[in-house]
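1. Predicted model and sequence follow; I will ask about them next.
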Amino acid sequence: MTKMPFAKLPCAKTPFGRAAPGRRPARRLARLLLAGTLALAPLPLAAQGAGGAQKIGVSYQPSLYWALPYYVASQKGWWKEVGLDPSFAVFPAGAPQVAAAQAGSWDVGGTGSVPAILGAARFGLLTVGLTNDESKTNVLMVRGDRYDAILKDPKQLAGQKLLVTTNSTADYAARNCLKKWGLSARDLRFVNLGQAQIISAVIADAGEVVGVWAPNTYTLEEKAKARVLCSGADAGAVVPGALVARADYAKAHPEEVAKALAVYLRAWGWAKANPAEARAMAKRFYAEGGVEASDAAIEQEFSLRPTFTLDQQLKAMARTGGPSEVDGWFSRIGGFMAEVGTIPQAPDPKGYIDDAFLKRVADDPKLKAFATEFDAGAAQR
């Protein structure tokens, strides 16, 4: 059987929970939050676990690159080294994930920038760090036989259908690409489809121009010979992923939030310093979440998604001379969400982006050494 770059495996389980389909657009996220669709029992806050470790609820989405550090840390036993005993809540998308946070069902985790902003607007979800930069993996793609002509004259796109999951990071990247070429969203016919439907349409030759995110980009490249016409990065649209925490948990247990951040940062440092082992571990992590990844797809994940060291995070979040770089990234995405009607107005980043917990890591010599142990080796590669 030919291996697809990201072919779904039937009913696979992650090491921490059951896998499920990919993310949902922000509009549905808003509906789920308002409707309160999940009624999950809250986890005990910082209760004592085995050996006196503090219990902490950690949330993520399976088989996504930015979630790899949670898997690495668990395989390496690093949670125990900082006195944490994690229980993992695995969600198919940002919508149910953020809704569960509102119900108090997890404490810290990672998610996309769109659900992070909506969680902030709805109930004060804090962004306490960055997972990765997804700007190069939220893209406009076109069928291979149309690539050269459209790249030469992008205004040929006017009047065409654009298949995209609206109110998503792919939508955000697509609109910025159009703006770069002197086009507006009104110049094209936006067709709202899920990512799986978009892939099917392109493979069936029923879609020419599409907005997608990784890993769907790799599938279209390998299966349909589609090519990336423009990415968020090409259009100057930064698409960060967010490390988040419930505000009430963070206020009550700032040390646990800092320790969770240290574990996450340590795992990225190790992955950069040990590229071969990290790629093998990523393949296992994806497979356990129900996704079979080709070597080429895994390589693209590592090469196209920059991650951030402790120093880089603090620099990007610093407000010494005014709004931080991260404030600007999230403000622009929040503005997009307000423009398309997901939220009435973008929340002020100063109200929900908080670097205090990363500063705790930096100010604690032992915790900083733990978080950054592999950074020197990574920098030499």
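-> Okay, I see it.
2. residues contacting Thr165?
-> Pro25, Asp171, Asn192, Leu193, Gly194, Gln195, Ile198, Gly211 (C-beta atoms under 8 Å, 6 or more residues apart in numbering). Yep, even glycine has a C-beta here, placed from its N, CA and C like the rest.
3. Now render these as TSV, adding distance to Ala316.
-> Output for these, formatted as TSV (distance: C-beta to C-beta, whole Å):
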residue	distance to Ala316
Pro25	26
Asp171	24
Asn192	32
Leu193	33
Gly194	32
Gln195	28
Ile198	32
Gly211	26
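4. Just the buried residues out of the residues you listed, in ChimeraX syntax.
-> In ChimeraX, this line selects whichever of the contacts of Thr165 come out buried by 16 or more other C-beta atoms under 10 Å:
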select :25,171,193,195,198,211
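5. Show me what counts as buried in the lengthiest helix in the chain.
-> Using DSSP state H, we find that the single longest helix of the chain is helix 254-273. For helix 254-273, the buried set under the neighbour-count rule, 16+ other C-beta under 10 Å, comprises 256-273.
6. Quick one: mean pLDDT for it?
-> Averaging pLDDT along helix 254-273 yields 98.
7. For it, list the C-alpha coordinates in CSV.
-> Coordinates of each C-alpha in helix 254-273 appear next as CSV, following Å, rounded to 0.1, in the frame of the first residue of the first chain:
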residue,chain,number,x,y,z
PRO,A,254,1.8,30.4,39.2
GLU,A,255,4.7,28.0,40.1
GLU,A,256,3.0,25.1,38.4
VAL,A,257,2.4,27.1,35.3
ALA,A,258,6.0,28.1,35.2
LYS,A,259,7.1,24.5,35.6
ALA,A,260,4.8,23.3,32.8
LEU,A,261,6.4,26.0,30.6
ALA,A,262,9.9,24.8,31.6
VAL,A,263,9.0,21.2,30.6
TYR,A,264,7.7,22.4,27.2
LEU,A,265,10.8,24.5,26.5
ARG,A,266,13.1,21.7,27.5
ALA,A,267,11.5,19.3,25.1
TRP,A,268,11.9,21.7,22.1
GLY,A,269,15.6,22.3,23.1
TRP,A,270,16.1,18.5,23.2
ALA,A,271,14.4,18.1,19.8
LYS,A,272,16.7,20.6,18.2
ALA,A,273,19.8,19.1,19.7
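8. Now do it: distance to the chain's middle.
-> How far helix 254-273 lies from its chain's middle: 16 Å, per C-alpha atoms, centre = their mean, to the nearest Å.
9. which element follows it toward the C-terminus?
-> Next helix or strand after helix 254-273 toward the C-terminus (DSSP states H and E): helix 275-288.
10. same for the next helix or strand after that following helix, what does it pack against?
-> Remark: after helix 275-288, the chain's next helix or strand is strand 291-293, criterion DSSP H and E. Applying 3 or more C-beta pairs under 8 Å, 6 or more residues apart in numbering; DSSP states H and E, we find strand 291-293 packed against strand 6-8, helix 275-288.
11. Helix 254-273 and the longest one, what's the angle between them?
-> Between the axes of helix 275-288 and helix 254-273, defined by axes from the mean of the first three to the mean of the last three C-alpha atoms, to 10 degrees, the angle is 120 degrees.
12. Tabulate the helices and strands packed on strand 291-293 in CSV, adding columns for distance to Lys55.
-> Output for those, formatted as CSV (distance: least, C-beta to C-beta, whole Å):
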stretch, distance to Lys55
strand 6-8, 33
helix 275-288, 23
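13. Among the ones you listed, which comes closest to Val239?
-> Across the helices and strands packed on strand 291-293, Val239 has its closest neighbour in strand 6-8 (19.0 Å, C-beta to C-beta).
14. Could you measure from Pro254 over to Arg319?
-> As defined by C-beta to C-beta, to the nearest Å, Pro254 lies at a distance of 19 Å from Arg319.
15. Three-state assignment for Ala235, please.
-> coil (DSSP: H, G, I helix; E, B strand; the rest coil).
16. Share the number of residues neighbouring the closest residue to it other than its chain neighbours, please.
-> For Ala235, ignoring the flanking residues on the chain, the nearest one in space by C-beta to C-beta, 6 or more residues apart in numbering is Asn176 at 3.8 Å. When neighbours are defined as other C-beta atoms under 10 Å, Asn176 has 24 of them.
17. And for Lys155, the neighbour number?
-> Quick note: Lys155 (other C-beta under 10 Å) scores 11 neighbours.
18. From what I see, it and Ser184 are in contact.
-> No. Using C-beta atoms under 8 Å, Lys155 is not in contact with Ser184, being 11.6 Å away.
19. buried set for stretch 278-289?
-> Ala278, Arg279, Met281, Ala282, Lys283, Phe285, Tyr286, Ala287, Glu288, Gly289.
20. Show the average pLDDT along that stretch.
-> Here stretch 278-289 scores 94 as its mean pLDDT.
21. can you check stretch 322-337 too?
-> On average, stretch 322-337 scores 97.
22. Check which helices and strands the host helix or strand of Met337 sits against.
-> Taking DSSP H and E as the definition, Met337 sits inside helix 325-339. When contacts are defined as 3+ C-beta pairs under 8 Å, 6+ apart, helix 325-339 sits against helix 113-123, strand 126-133, helix 169-180, strand 240-245, helix 310-317.
23. and Ala185, what is it in contact with?
-> Arg175, Leu178 are the contacts of Ala185 under C-beta under 8 Å, 6+ apart.
24. Would you agree Leu261 is in contact with Leu358?
-> Yes. Between Leu261 and Leu358 there is a contact under C-beta under 8 Å: 6.0 Å.
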